[in-house]
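A.B. asks: need a structure here:
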Amino acid sequence: VQLQASGGGLVQAGGSLRLSCTASGRGASTSSLGWFRQAPGKKREFVAGINWDSTSTNYADSVKGRFIISRDKATNTVDLQMNSLKPEDTDRYYCAAGGALLYSRRAQYWGQGTLVTVSS
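C.D. replies: Below is the predicted model of the structure:
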């Protein structure tokens with residue numbers, strides 16, 4: 001599975017950003033897709049995931065109620081709508097894919113990271 005992410009940037013606290021990622025290749029349409037984030041010197045952490053047919057989603061406690069993950073089956077794109085952003089959401093965000101992503105929060109494939117910066 002190949003993953004190409006876009007979006008990110010600089011936003012003020014309380015604002016919104018949308019990340020998008022297109023999955024391609026063998027298995028892309030049946031893999032769970034999601035997002036992780038990582039700050040310098042810290043462990044990469046799970047943010048949100050969605051299964052292949054969008055019937056199940058999972059979120060990290062830190063983003064529940066603020067972030068929304070969605071998937072377009074036709075284009076095999078996964079979006080992360082990030083609302084009410086906080087300075088602590090500042091991280092590099094990575095698109096990911098894998099069968100164990102949704103509940104085990106482990107990815108098999110990774111896209112390039114995209115930087116999200118939230119100013120206070």
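
A.B. asks: For the rest of this, base every contact and every neighbour count on C-alpha atoms.
C.D. replies: OK.

A.B. asks: what comes up buried for the longest strand along the chain?
C.D. replies: Scanning the chain for the strand with the most residues, using DSSP state E, yields strand 109-119. Buried residues in strand 109-119, counted by 16 or more other Cα atoms under 10 Å: Y109, W110, G111, G113, T114, L115, V116, T117, V118, S119.

A.B. asks: What's the separation between the third one and G14?
C.D. replies: Okay, so that is G111. 27 Å (Cα to Cα, to the nearest Å).

A.B. asks: Number of residues surrounding P40?
C.D. replies: Neighbourhood size, P40 [other Cα atoms under 10 Å]: 8.

A.B. asks: My assumption is that it lies in a helix; please confirm.
C.D. replies: No - counting by DSSP: H, G, I helix; E, B strand; the rest coil, one finds P40 to be coil, located in no helix.

A.B. asks: Counting by contacts, list what the least confident helix or strand in the chain by mean pLDDT packs against.
C.D. replies: Scoring the helices and strands of the chain by mean pLDDT, DSSP states H and E places helix 101-104 at the bottom, with a mean of 90. On a contact count with 3 or more Cα pairs under 8 Å, 6 or more residues apart in numbering; DSSP states H and E, helix 101-104 meets strand 32-38, strand 45-50, strand 57-59.

A.B. asks: Next, the buried residues of it.
C.D. replies: Under 16+ other Cα under 10 Å, the buried positions of helix 101-104 are L101, L102, Y103.

A.B. asks: and that helix, how far out from the chain's middle?
C.D. replies: 13 Å (Cα atoms, centre = their mean, to the nearest Å).

A.B. asks: Any figure for the gap between R66 and K86?
C.D. replies: Relative to K86, and taking Cα to Cα, R66 is found at 10 Å.
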